[in-house]
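1. need a 3D model of the following:
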Amino acid sequence: QVQLVESGGGLVQAGGSLRLSCATPGRTFDSNAMGWFRQAPGKEREFVAAISWSGSNPNYLDSVKGRFTISRDNAKNTVYLQMNNLKPEDTAVYYCAIHRRLYSIIRSLSDIGYWGQGTQVTVSS
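-> You can find the predicted model right below:
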């Protein structure tokens, strides 16, 4: 059973920062792309950011470019999402995700083989 343990969500004022973490204790995914998706109330889950197995080629949703940074530490089996200058429209449940195939890029929900449990991010205005 693959376990993705997320942390770092919370309540923050607009303009503030949060750092999300997602660890995979006891399991290494250094050959899989990892990423973050989010789902706001009443909306579909959407792609936010992804990073390749080597930590290169980050990719972002247009609305978070310049504000969010994805990174990973394969030695710690952890992926991070640094979120700066948060806006109320960033409010959502954020989910960590791992590509179901090796050495493949995350492009859509159908690429995902493993999901985290989700962590709530709330940005107040």
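
2. Q3 belongs to a helix?
-> No - counting by DSSP: H, G, I helix; E, B strand; the rest coil, Q3 falls outside a helix, being coil.

3. leaving out chain neighbours, which residue sits closest to it?
-> Using CB to CB, 6 or more residues apart in numbering and skipping residues adjacent in sequence, the residue nearest Q3 is P25, 6.2 Å away. The C-beta positions use only the backbone N, C-alpha and C, and glycine is treated the same way.

4. the one you found belongs to a strand, doesn't it?
-> No - looking at P25 with three-state DSSP, it is coil, so not inside a strand.

5. so what's the residue count around it?
-> 11 (other CB atoms under 10 Å).

6. what's the distance between it and E89?
-> Relative to E89, P25 is positioned 32 Å away (CB to CB, to the nearest Å).

7. cool, and A14?
-> A14 is 10 Å from E89, by CB to CB.

8. spell out which residues are contacts of both of those two.
-> Counting by CB atoms under 8 Å, 6 or more residues apart in numbering, the common neighbours of A14 and E89 are V123.

9. strands of this protein, residue ranges please.
-> Applying DSSP state E to the chain gives strands spanning 5-7, 10-13, 18-23, 34-39, 46-51, 59-60, 68-73, 78-83, 92-99, 112-115, 119-124.

10. format those as a markdown table; extra columns: mean pLDDT and mean neighbour count.
-> Shown next, in a markdown table, are the strands of the chain (pLDDT from 0 to 100; neighbours: other CB atoms under 10 Å):
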| stretch | mean pLDDT | mean neighbour count |
| --- | --- | --- |
| strand 5-7 | 95 | 17 |
| strand 10-13 | 98 | 13 |
| strand 18-23 | 98 | 20 |
| strand 34-39 | 98 | 24 |
| strand 46-51 | 97 | 21 |
| strand 59-60 | 96 | 18 |
| strand 68-73 | 97 | 18 |
| strand 78-83 | 98 | 23 |
| strand 92-99 | 98 | 23 |
| strand 112-115 | 96 | 16 |
| strand 119-124 | 98 | 17 |
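
11. could I get those strands in CSV, plus columns for distance to I106?
-> CSV is the format used below for those (distance: least, CB to CB, whole Å):
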stretch, distance to I106
strand 5-7, 17
strand 10-13, 25
strand 18-23, 13
strand 34-39, 5
strand 46-51, 4
strand 59-60, 8
strand 68-73, 11
strand 78-83, 11
strand 92-99, 5
strand 112-115, 7
strand 119-124, 19
